[in-house]
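# sharing a sequence plus its predicted fold:
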Amino acid sequence: MPAFSNRLPARIDVNALSQAVATMRNAGIGIVDLTESNPTRAGFEYPADLLQILGDPAGLTYEPHALGLRSAREAVAHDCARRGATVSADAVVLSASTSESYTWLFKLLCNPGDSVVVPQPSYPLFEHLTRLEGLTVSPYDLHYHGRWELDLDAVAAAPATTRAMLLVSPNNPTGSFISRRELEQVTAICRERGWALIADEVFADYELDEGTPLTDISSRAGVLSFSLGGASKSLGLPQVKLGWLVVGGPPADRAAALAGLELIADTFLSVSTPVQIAAPDLLRRGAAIRVAIHERVRRNLSRARDTARRYPSCELLRVEGGWCAPLRVPATRSEESLVLDLLERERILVHPGYFFDFSHEAFVIVSLLPPEEIFADAFERALRFLHAG
């Protein structure tokens with residue numbers, strides 16, 4: 001057996017829920033998937049010719065630009081204006097995905113052994129990305145008091161090796177946006193400690209609550225900061241592999257960061273020429289897909305709120321944005337037992353809270369992406385089962 005890097009986990013096991021799902025699918029047993037996060041499998045109607053632009057003959061010529069083609073960067077900057085943000089194309093860097101943007105930023109900001117401050121609950125991506133870069137994480141909790149709020153004491157208690165703070169706004173899976181007051185407090189800590197601020201805003205277009213959410217954080221923060229987005233969520237096109245980050249902060253810091261990112265991006269040159277040429281058209285035409293996703297998610301959340309009122313032991317927590325919703329459910333047994341029993345008896349798949357590092361039990365997470373009729377039936381049956389205990 002070869003000796004692999006310690007950047008990998010000591011064991012790579014399949015969890016019990018994934019094993020159960022695989023067994024049922026191999027046996028041909030139908031499952032209603034309330035964990036769906038892939039819009040291309042959620043019944044949306046995409047224009048048949050949407051990706052024809054990827055065949056533009058201009059893509060046959062390879063003239064790499066480390067930060068991305070100017071036309072594509074200008075298209076991203078122009079798209080940010082939809083949310084009221086003023087962004088220069090010079091501050092935009094293209095990548096193949098948000099995950100890649102993270103790895104570039106970790107290379108830019110951190111040395112092996114350094115730490116980054118990350119939220120919990122949040123999706124488990126950070127554990128893998130930081131470990132693969134030789135970094136450690138210092139978690140800070142989001143606490144629910146009618147809305148999710150940052151534990152700023154935990155942020156301030158981060159170790160001296162910390163180089164950056166990560167925000168996910170709106171968070172996945174809590175669906176919470178950072179507030180203006182919280183951003184001011186976070187920015188003050190970053191300025192005092194010399195940290196950079198990394199804001200994952202891939203769901204920024206999907207506000208679900210009344211009011212105007214705070215978005216495009218790198219254009220508003222007064223410290224070196226980065227806002228991450230991409231076609232996967234904004235356009236419902238995870239397969240085209242186009243992400244971007246926008247650099248903000250004091251001019252000298254921003255210029256130095258862009259110079260470093262240019263070197264890193266030039267080392268990999270991962271974004272394909274065809275998708276960069278197509279970016280202006282995709283950002284324009286993808287708006288219709290985004291609207292369709294947004295409308296369905298809103299309707300499913302409204303239905304979920306109405307349904308949850310009939311099952312008082314199951315609390316649908318406040319959701320401000322994104323594609324999913326967390327439920328606090330009776331802790332009559334472990335979350336793993338709850339979701340496995342729900343899968344076995346009702347053929348409904350949900351995520352347990354521990355997948356996202358909720359600090360205590362019992363929570364389940366449901367996706368708001370499935371077609372409305374399927375969602376309404378499955379959500380009602382799931383709550384009836386969970387309410388009964």
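Alright, I've got the coordinates.

# quick one: residues contacting V339.
L17, L349, V350, H351, P352, V364 (C-beta atoms under 8 Å, 6 or more residues apart in numbering). Using the backbone N, CA and C atoms, a C-beta is placed for each residue, glycine as well.

# can you put those in JSON lines and add secondary structure?
Shown next, in JSON lines, are the contacts of V339 (DSSP: H, G, I helix; E, B strand; the rest coil):
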{"residue": "L17", "secondary structure": "helix"}
{"residue": "L349", "secondary structure": "strand"}
{"residue": "V350", "secondary structure": "coil"}
{"residue": "H351", "secondary structure": "strand"}
{"residue": "P352", "secondary structure": "strand"}
{"residue": "V364", "secondary structure": "strand"}
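
# so which of these sits lowest on pLDDT?
Within those, pLDDT reaches its minimum at L17, with 93.

# which residue ranges of the stretch 201-350 of the chain form helices?
Along the stretch 201-350 of the chain, the segments classed as helices by DSSP state H, counting those that start in this stretch run 231-234, 251-268, 273-308, 335-346.

# E335: which of the contacts of V339 is nearest?
Closest approach between the contacts of V339 and E335, by C-beta to C-beta: P352, at 3.8 Å.

# what pLDDT is listed against N15?
Value for N15, per-residue pLDDT: 89.

# how many residues are close by it?
As a burial measure, N15 scores 12 neighbours (other C-beta atoms under 10 Å).

# for it, give me its contacts.
Contacts for N15 (C-beta under 8 Å, 6+ apart) come out as none.

# L263 versus that one, what's the distance?
39 Å (C-beta to C-beta, to the nearest Å).

# equivalent analysis for A66, please.
8 Å.

# check L383 too.
52 Å.

# looking at these two, which one has more neighbours?
Remark: of L383 and L263, L383 carries more neighbours, 22 against 11, as counted by other C-beta under 10 Å.

# so for the helix or strand where that one lies, mean pLDDT?
Assigned by DSSP states H and E, L383 belongs to helix 372-388. Mean pLDDT, helix 372-388: 96.

# contacts for that helix?
For helix 372-388, the surrounding residues in contact (C-beta under 8 Å, 6+ apart) are 32, 34, 296, 299-300, 303-304, 307-308, 310-314, 327, 329-330, 338, 341-342, 345-346, 348, 350, 364, 366, 368, 370.

# just checking, what packs against the host helix or strand of A20?
A20 is part of helix 16-26 when elements are defined by DSSP H and E. If you count contacts as 3 or more C-beta pairs under 8 Å, 6 or more residues apart in numbering; DSSP states H and E, helix 16-26 packs onto helix 335-346.

# alpha carbons only: can I get the helix it packs on in CSV?
Below are the C-alpha coordinates for helix 335-346, written out as CSV (Å, rounded to 0.1, in the frame of the first residue of the first chain):
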residue,chain,number,x,y,z
GLU,A,335,-30.3,12.3,13.5
GLU,A,336,-28.8,9.4,11.6
SER,A,337,-31.5,7.1,12.9
LEU,A,338,-34.2,9.7,12.0
VAL,A,339,-33.1,10.1,8.4
LEU,A,340,-32.4,6.4,7.8
ASP,A,341,-35.9,5.5,9.1
LEU,A,342,-37.5,8.3,7.0
LEU,A,343,-35.7,6.9,4.0
GLU,A,344,-36.7,3.3,4.7
ARG,A,345,-40.3,3.9,5.6
GLU,A,346,-41.3,6.9,3.4
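
# and that helix, which residues are buried?
For helix 335-346, the neighbour count (16 or more other C-beta atoms under 10 Å) marks E335, E336, L338, V339, L340, L342, L343, E346 as buried.

# returning to what we had before: of the helices of the stretch 201-350 of the chain, which is nearest T187?
helix 251-268 (13.2 Å).

# what helices and strands are in contact with the closest one?
strand 92-95, helix 98-109, strand 243-248.

# residues making contact with the last one?
The set of residues external to strand 243-248 that reach it, using C-beta under 8 Å, 6+ apart, is 68, 73, 76-77, 80, 87, 91-101, 104-105, 216-221, 224-232, 254, 257-258, 261.

# what of the first one?
Contacting residues not belonging to strand 92-95 are listed as 67-69, 72-73, 76-77, 101, 104, 230, 242-247, 258, 261-262, 265, 270-271, 276, 279 [C-beta under 8 Å, 6+ apart].

# and the helices and strands packed on helix 251-268 as CSV, adding mean pLDDT?
CSV is the format used below for the helices and strands packed on helix 251-268 (pLDDT from 0 to 100):
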stretch, mean pLDDT
strand 92-95, 98
helix 98-109, 98
strand 243-248, 98
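
# closest to R191 out of the ones you listed?
Taking C-beta to C-beta, strand 243-248 is the member of these nearest to R191, at 13.4 Å.

# L8: what's it in contact with?
Residues near L8 by C-beta under 8 Å, 6+ apart: R131.

# for R131, see how far away it is.
For L8 relative to R131 (C-beta to C-beta), the value is 8 Å.

# same question for D281.
Between D281 and R131 the distance is 37 Å, computed by C-beta to C-beta.

# ditto for I264
19 Å.

# any idea of the mean pLDDT in the helix or strand just after the helix holding A20?
Going down the chain from helix 16-26, the next helix or strand is strand 32-33, by DSSP H and E. Predicted confidence along strand 32-33 averages 97 (mean pLDDT).
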